[in-house]
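Engineer: I'd like to go over a predicted model; first the sequence, then the structure.
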Amino acid sequence: MKKFLFILILPAFLMPDAFSQYFNTTQISILMGTRPLQENNQYANCYDSRTEFFPSITMTNGKIYNEHWAAGFGVGYERFDRNLIPLFVDVRYTLWGNKVSPFFAFKTGYSIGDFKKKHYDQLTLTYDPYSIDNAYLRKDGGLMLHPEIGVRIPLSENAGLLLTVAYRYQKMKSKVSQDIGPKNKWEHKENLNRMSFGVAMMFR
């Protein structure tokens, strides 16, 4: 918790004081994409895919430099096939300061996965080793890239509504292990590509 609080207040110490207007953005998004039901393996040849929808809640605190540029640090919670906590830098450019305006944003950082491994009496996977008894599974996150475009609609002098469309690139890693066995550790990496549709409130 102390690390998260530090991230949220860090912009106040890193950014110059020449322009002292701060902002907070709280955003709710839906991440959408397709994923194979089962990979090619010794038991089946199945390449069918399904469309998946995942929720995302993020909050960014930062500083506004002028009517165009703003930057800050953010934290969030997302649910893929695992819980992820993204920690990121958010840089954004708004075309017009005091009226309805398109904007561009870029978020990049690292998503934290499970803090500890979980035990399964029988574990079924879509990758090698596919099925394993008495196994431990830990799901980690990784690098995230999130370019975003949207429209800002002023609601008052200090508040605005943001409608956004974005692309998400997310690295993830899974680690499977057993207490005994000739080969008792497996690692699986994957890269997810998702579209994101969101709505946010921005206060300054």
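Structural biologist: Cool, the structure landed. Numbers count the residues shown, from 1 in each chain.
Engineer: okay, buried residues for stretch 106-113 please.
Structural biologist: By 16 or more other Cβ atoms under 10 Å, the buried positions in stretch 106-113 come out as 106-107, 109, 111-113. C-beta coordinates here come from the backbone N, C-alpha and C atoms, glycine included.
Engineer: now swap in stretch 112-122 and tell me
Structural biologist: Result for stretch 112-122 [16+ other Cβ under 10 Å]: buried residues 112-114.
Engineer: swap in stretch 80-88?
Structural biologist: Buried residues in stretch 80-88 (16+ other Cβ under 10 Å): 80, 82, 84, 86-88.
Engineer: wasn't residue 191 part of a strand?
Structural biologist: Yes. Under DSSP: H, G, I helix; E, B strand; the rest coil, residue 191 sits within a strand.
Engineer: shouldn't it be in contact with residue 145?
Structural biologist: No. Taking contacts as Cβ atoms under 8 Å, residue 191 lies outside contact range of residue 145: 10.4 Å.
Engineer: pull up the overlap in contacts between these two.
Structural biologist: Contact criterion Cβ atoms under 8 Å, 6 or more residues apart in numbering; residues shared by residue 191 and residue 145: residue 169.
Engineer: between those two, which one's more packed in?
Structural biologist: Neighbour comparison, residue 191 and residue 145: the larger count goes to residue 145, with 14 against 10 (by other Cβ atoms under 10 Å).
Engineer: for the more buried one, name its beta-bridge partners.
Structural biologist: residue 108, residue 169 (DSSP bridges).
Engineer: show me the contacts for residue 54.
Structural biologist: 30-32, 78-80, 194.
Engineer: let's see that with 7 Å instead.
Structural biologist: 31, 78-80 (Cβ atoms under 7 Å, 6 or more residues apart in numbering).
Engineer: can you list which of those residues are found in helices?
Structural biologist: Judged by DSSP state H, the contacts of residue 54 include no members of helices.
Engineer: middle-most residue in the protein, spatially?
Structural biologist: When the chain is reduced to its mean C-alpha position, the nearest residue by Cα atoms, centre = their mean turns out to be residue 86, at 4.8 Å.
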